[in-house]
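> how would this look folded up:
(4 chains)
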Protein chains: 2
Amino acid sequence: MTQRQRRVRDRTERGERIVAAARELAEAEGWEAVTTRRLAALIEYSQPVLYSHFPGGKDAIMAAAALEGFAELASTLAAGRTGGLAGVAGAYAGFAETKPALYDAMFTLASELPFAQDDTPEVMKACFAELFAVIEPVAGKQDAGALTEVFWSTLHGLVTLDRGRRLSPAHRDERLALVVARFGARAD
Amino acid sequence: MTQRQRRVRDRTERGERIVAAARELAEAEGWEAVTTRRLAALIEYSQPVLYSHFPGGKDAIMAAAALEGFAELASTLAAGRTGGLAGVAGAYAGFAETKPALYDAMFTLASELPFAQDDTPEVMKACFAELFAVIEPVAGKQDAGALTEVFWSTLHGLVTLDRGRRLSPAHRDERLALVVARFGARAD
DNA sequence: TCCAGTTTTCTAGCATCGCTAGGATTGCTA
DNA sequence: TAGCAATCCTAGCGATGCTAGAAAACTGGA
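Numbering: from 1, shown residues only, chains lettered A, B, ... in the order given. Modelled structure (predicted):
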């Protein structure tokens, strides 16, 4: 039975290689350059193999990459929590800047991931929890959950508009400081 | 020479029909359903005609639609300015909800439009100016330009995350109220 | 060791996409 | 009316995501 074990291990390893190759290619050339043919060539198998791992095709591969991203974002935010609200905001912006394609897969593309529902994966809840942790102390009488969503939206908007060169580069640091100023004060 | 005038008039009208058909189709079925073949069929001409109007192809058509969107957003925001910061925020959210595909063309897709530069089209500057107008009074010692960018990012983030079903529907109205609460107070 | 039977993998192809070259058609000018 | 110029369409290229059916490899029992 060890042979069967080895086979399933090889199989899962190959699945991970697919996602890794997709992420690497996406960061280098963008998700539109991630084609099933190029992915197949990278893992040195034929195209249909991809579909045996991810029946959903390219979208499913992106969703798998996005899930990895949520885990990494959660730990990134957790590391920034010592810096309080400013630390988390900086960590969030840093993550989006370091891994822009992954960020896109998580929040712009891959629309099948269940957000804000019961069946939301734990890693995604963990990300939200990290934001909630720094917002809750400053919520005052305001609804901490809703305020966290607004805080998150601000970070998300900053990150996406900034990367699309829709914001002035000169105000880059100033903007994060303003976020902290507007959200960091306790409301009562 | 009136014949020539009629010809150029017909031509511009056909160009507008292309953009109108693209917008209509995009709102109905999303931008991925807007193909050059379907557009050609809608205006009852062959595919290459599209390229005589928009040498940039599909992207150029989307950019033209986006420009129309900026004009409409500017007047929508202007109408909401009587309601102050809350009015403008509500107008912005309403616009994005009413014309989601157009909003995507303006802010998510169509990356060739020059934002925050010297050659930025007037209609785009006008949108930013509307936001600036309601932010400037509450900026206090804070940089009004940078704060406007943050305010805009918040609205943009709320709108995109909400439409991607990434936010709790229950907090929908509460979120806008929180935006007003956090940005409406004068900082000094 | 060899042979079914199962699982895995690949070849080949479909429909569709954005886009374009080159010929056909139309309308204008002299 | 003949020639010219502008306009338009047919046909096709390369590439996309995805899949059916053949080929290959591996499995376990005689």
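> which other helices and strands does the helix or strand of chain A with the lowest mean pLDDT contact?
The helix or strand of chain A with the lowest confidence, counting by mean pLDDT, DSSP states H and E, is helix A:2-29 at a mean of 86. In terms of contacts (3 or more CB pairs under 8 Å, 6 or more residues apart in numbering or on different chains; DSSP states H and E), helix A:2-29 is packed against helix A:36-43, helix A:47-53, helix A:58-80, helix A:100-107. Heads up, the C-betas are built off the backbone N, CA and C, glycines and all.
> how about the second one and DNA strand D, any contact?
Yes. With CB under 7 Å from any atom of the strand as the criterion, DNA strand D is reached by helix A:47-53 at A:Gln47, A:Pro48, A:Tyr51.
> does the last one touch A:Gly57 like I think?
Yes. If you go by CB atoms under 8 Å, A:Tyr51 and A:Gly57 touch, sitting 6.3 Å apart.
> and the two? Which one has more around it.
Taking other CB atoms under 10 Å in any protein chain shown, A:Tyr51 and A:Gly57 do not tie; A:Tyr51 has more neighbours (14 against 11).
> quick one: pLDDT of the more buried one?
For A:Tyr51, the model assigns a pLDDT of 97.
> which parts of chain A sit against chain B?
Taking CB under 8 Å from any CB of the partner chain as the measure of proximity, chain A contacts chain B at A:107-108, A:111, A:115-116, A:142-143, A:145-147, A:149-150, A:152-158, A:160-161, A:164-168, A:171, A:174-175, A:178-179, A:181-183, A:187.
> whichever of these end up buried, select them in ChimeraX.
The following ChimeraX line selects those of the residues of chain A next to chain B that are buried, judged by 16 or more other CB atoms under 10 Å in any protein chain shown:
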select /A:107,115,116,142,143,145,146,147,149,150,152,153,154,155,156,157,158,160,161,166,167,168,171,174,175,178,179,181,182,183
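> filter the residues of chain A next to chain B down to just the ones in helices.
By the criterion of DSSP state H, membership of the residues of chain A next to chain B in helices covers A:107, A:145-147, A:149-150, A:152-158, A:160-161, A:174-175, A:178-179, A:181-183.
> which residue does chain A bring closest to DNA strand C?
Distance from DNA strand C to each residue of chain A (CB to the nearest atom of the strand) is smallest for A:Ser46, at 3.4 Å.
> so what does that residue have for phi and psi?
When quoted as degrees, to the nearest 10, the phi and psi of A:Ser46 stand at phi -90, psi 170.
> count of neighbours near the residue nearest to it when sequence neighbours are not counted?
By the measure of CB to CB, 6 or more residues apart in numbering or on different chains, the closest residue to A:Ser46 outside its immediate chain neighbours is A:Ala40, 5.7 Å from it. The criterion is other CB under 10 Å. On that basis, A:Ala40 has 17 neighbouring residues.
> residues contacting A:Ala40?
Residues near A:Ala40 by CB atoms under 8 Å, 6 or more residues apart in numbering or on different chains: A:Ser46, A:Gln47, A:Val49, A:Leu50.
> can you count the residues close to the residue nearest to the last one when sequence neighbours are not counted?
So that's A:Leu50. Counting by CB to CB, 6+ apart, A:Thr36 is the residue found nearest to A:Leu50 once chain neighbours are left out, at 5.6 Å. Taking other CB under 10 Å as the criterion, the count of residues near A:Thr36 is 18.
> list the contacts of A:Thr36.
Neighbouring residues of A:Thr36 by CB under 8 Å, 6+ apart: A:Gln47, A:Leu50, A:Gly57, A:Lys58.
> let's go with 10 Å and repeat that
Under the criterion of CB atoms under 10 Å, 6 or more residues apart in numbering or on different chains, the contact list for A:Thr36 reads A:Ala22, A:Ser46, A:Gln47, A:Pro48, A:Val49, A:Leu50, A:Tyr51, A:Phe54, A:Gly57, A:Lys58, A:Ile61.
> ditto for A:Val34
For A:Val34, the contact set (CB under 10 Å, 6+ apart) comprises A:21-28, A:42, A:58, A:61-62, A:65, A:101, A:105.
> let's go with 8 Å and repeat that
So, once contact is read as CB under 8 Å, 6+ apart, A:Val34 ends up touching A:Ala22, A:Leu25, A:Ala26, A:Lys58, A:Ile61, A:Met62.
> of those residues - the most surrounded one?
Highest neighbour count within those: A:Met62, with 28 neighbours (other CB under 10 Å).
> all set now, cheers.
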